[in-house]
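In: whatever this is, show me its structure:
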Amino acid sequence: MTAPKHGKIMLIGLGPGSHDYLTARARAAIAEADTVIGYATYIRLVKDLLDGKEVIKKAMTEELDRAIEAYDRAKQGKKVAIVSSGDAGVYGMAGPTFEVLFQAGWTPDSGIEVEIVPGASALNTCAALVGAPLTHDFCAISLSDLLTPWPTIARRLNAVAYADFVVALYNPKSGRRTRQIEEAQRIFLRHRDPQTPVAIVKSAYRPKQRIEFTTLEKMGEADIGMLTTVLIGNSNTFVKHGLMITPRGYANKYDVELGRSGAREGETAGQSLSTGLNGWLTAIHASNKTPAELARQYRLPEDYIAAVLSEPLVLEAGDEEAIEA
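Out: The predicted structure is shown next:
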């Protein structure tokens, strides 16, 4: 009796496209594959690695077809690579592939192995080109409304603009989708200074790479398309010497003058800020202000403030911070 063939699906993130930034595992996975499936542009990025392989090119909107093709060949015992630019798990092919597999009844024990090979996403590569804009809290939002309702996208834009996140906008504009970036700008201007720094990066690490610094107010004048990632700074982000920087917040705690690194008065190294959770709880309990007044002061929900004030003031011992350096 012939043993069943065990195929494999490899979801490969190619990074920005330049071979210099293709991981060793991604290169090895492509070499291992019998069949390579992907959007034509992504196939072109690795065409010199595809000699002797079955190559299946699919259009931009045929993501589910790519996954179905991969599954069909994996059932035949083939090793199949599905390639995505950036990271396959960030707006890439990992999600739709698992949707197709689960719909077909696949399980991790079914005999077809699935491996996700990570790659650098656009927010990482674009940030590296412009400085250090993601050093503090950030998020990514796609402006594509092909699969996501616009009200959902708009709510997310409004929430992160209000919360002062650095934001990476994916899929900001295409030949048919031109207004979404204008609406994103309108929403951000409700909460952010018009002079907030913005970096526009097109075709990062590819031959037609283009970088432009602008402001939130003038963002609409920039050259933005489908191959562009838009990085919008937070209230502390600045541009200096051609570099976009978002401070982590060390200056809030430490004296950062050259040659000095001691904690500022009232602060302790390795402990939360004086305005951290313990300090804030102490301050609001001692303020004698109403929940409504405190909610306006701190731009937080009134019912959250009320719930905190209704509890006894119990302060936790400070823990050392986990800081990546």
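In: please enumerate the helices of the stretch 101-250 of the chain.
Out: 122-130, 150-162, 180-189, 250-253 (DSSP state H, counting those that start in this stretch).
In: which of those helices is buried the deepest?
Out: Compared across the helices of the stretch 101-250 of the chain, helix 122-130 shows the largest average neighbour count, a mean of 22 (mean count of other Cβ atoms under 10 Å). C-beta: built from backbone N, CA, C; applies to glycine.
In: if we can go back for a sec, using a markdown table, lay out the helices of the stretch 101-250 of the chain together with distance to residue 217 and mean pLDDT.
Out: Output for these, formatted as a markdown table (distance: least, Cβ to Cβ, whole Å; pLDDT from 0 to 100):
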| stretch | distance to residue 217 | mean pLDDT |
| --- | --- | --- |
| helix 122-130 | 19 | 96 |
| helix 150-162 | 14 | 97 |
| helix 180-189 | 7 | 97 |
| helix 250-253 | 26 | 78 |
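In: the nearest residue to residue 96 once chain neighbours are set aside and residue 80, how far apart?
Out: Distances taken as Cβ to Cβ, 6 or more residues apart in numbering put residue 63 closest to residue 96, at 4.6 Å, once the chain neighbours are dropped. Noted for residue 63: a distance of 15 Å to residue 80, by Cβ to Cβ, to the nearest Å.
In: more neighbours: the two, which one.
Out: Taking neighbours as other Cβ atoms under 10 Å, residue 63 and residue 80 compare with residue 80 leading, 25 against 21.
In: show me the contacts for the more buried one.
Out: Contact analysis of residue 80 by Cβ atoms under 8 Å, 6 or more residues apart in numbering lists 7-10, 33-37, 69-70, 73-74.
In: got the CA positions of the strand or helix carrying it in CSV?
Out: Following DSSP states H and E, one finds residue 80 within strand 79-84. C-alpha atoms of strand 79-84 as CSV (Å, rounded to 0.1, in the frame of the first residue of the first chain):
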residue,chain,number,x,y,z
LYS,A,79,5.8,21.8,-1.4
VAL,A,80,4.2,25.1,-2.3
ALA,A,81,5.4,28.6,-1.5
ILE,A,82,3.0,31.5,-1.4
VAL,A,83,4.9,34.7,-1.6
SER,A,84,3.9,38.1,-0.1
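In: leaving out sequence neighbours, find the closest residue to the residue nearest the centre of the chain.
Out: In the chain, the centroid-proximal residue (Cα atoms, centre = their mean) is residue 140; its distance is 4.1 Å. Spatially, and ignoring its direct neighbours in sequence, residue 140 is nearest to residue 168 (4.5 Å; Cβ to Cβ, 6+ apart).
In: pull the number of nearby residues for residue 101.
Out: So residue 101, with other Cβ under 10 Å, has 21 neighbours.
In: kindly list the main-chain dihedrals of the residue lying closest to it once chain neighbours are set aside?
Out: Spatial nearest neighbour of residue 101, chain neighbours left out: residue 71 (6.3 Å); criterion: Cβ to Cβ, 6+ apart. Dihedral angles of residue 71 (phi, psi; degrees, to the nearest 10) stand at phi -60, psi -40.
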